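J.: turn this into a structure:
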Amino acid sequence: MLSLAPLALDSIMLDEVRAYLRVEPDVDDSSLASSLLAALGYAEQFTRQILLRRTATETVTSGGGWQILKALPVQSFVSVIAIPAEGTSYLMSADAWEAKISSVGEVYFRVLQPGNAGRAVVACNAGLVADWATMPEALRMGVLRLAGYFYAHRDGTDDEGPPAAALALLRPWRRARIA
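T.: This next block holds a predicted model:
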């Protein structure tokens, strides 16, 4: 199972959403923040990629060969924690596991020396860009359009789904996944 560290919104992101939606400063910041977080979450699900870099953890089985991690794109590894059936978890040494990161950030991972561990928790840094300012303009505009949509429809019952223009801006970053 993949788990992500929560996104931390900064003032630059909120200021850009506020300017895009033409909302006065300090007016409805909590709704703007919620709309932006929802838009980023939706965009990540749609593209099947983590957009803003943060820590991702994933529990994998220790036996069996190569496994493909769900986190995408992975930039680096933080740690691998072994989880035995009984006893306490422990940090696995670097020679107990192997990982290969492809040119597009896909990770092939395997445990070489599982010892008594049936599972392992892999922690890595993953994300397309380091921060909001370095996000490609079309992708950022797609997120802004989604944030505007979520903000405008936060109380409405006439929800027809996200605008096609926002999805069109996200589509070039969508990754295909073969189960």
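
J.: can you pull the contacts of the residue sitting nearest the centre point of the chain?
T.: Nearest residue to the geometric centre of the chain (Cα atoms, centre = their mean): residue 50, 2.8 Å. Contacts for residue 50 (Cβ atoms under 8 Å, 6 or more residues apart in numbering) come out as 4, 44, 56, 71, 72, 73, 126, 127, 128. For every residue, glycine as well, the C-beta is placed using N, CA and C.

J.: likewise for residue 126?
T.: 50, 53, 54, 55, 56, 71, 72, 73, 74, 75, 105.

J.: list the contacts for residue 120?
T.: Per Cβ under 8 Å, 6+ apart, neighbours of residue 120: 59, 60, 61, 62, 80, 81, 82, 83, 92, 97, 111, 114.

J.: what do you get if the cut-off is 10 Å, keeping everything else the same?
T.: Residues in contact with residue 120, defined by Cβ atoms under 10 Å, 6 or more residues apart in numbering, are 58-62, 67, 79-83, 89, 92, 96-97, 109-111, 114.

J.: select only the buried ones of those in ChimeraX?
T.: This is how ChimeraX selects the buried members of the contacts of residue 120, with burial counted by 16 or more other Cβ atoms under 10 Å:
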select :58,60,62,67,80,81,82,83,92,96,97,109,110,111,114
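
J.: may I have stretch 86-102 as CSV, with CA atoms only?
T.: C-alpha atoms of stretch 86-102 as CSV (Å, rounded to 0.1, in the frame of the first residue of the first chain):
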residue,chain,number,x,y,z
GLU,A,86,7.3,-11.5,15.4
GLY,A,87,9.6,-9.0,17.0
THR,A,88,10.5,-5.4,16.3
SER,A,89,11.1,-3.8,12.9
TYR,A,90,14.6,-2.9,11.9
LEU,A,91,16.5,-0.9,9.3
MET,A,92,17.7,-3.1,6.5
SER,A,93,21.3,-2.5,5.4
ALA,A,94,21.9,-1.3,1.8
ASP,A,95,23.2,-4.7,0.7
ALA,A,96,20.0,-6.5,1.9
TRP,A,97,17.9,-5.0,-0.9
GLU,A,98,18.2,-3.8,-4.5
ALA,A,99,16.4,-1.1,-6.5
LYS,A,100,16.6,0.1,-10.0
ILE,A,101,15.1,3.4,-11.0
SER,A,102,14.2,3.7,-14.7
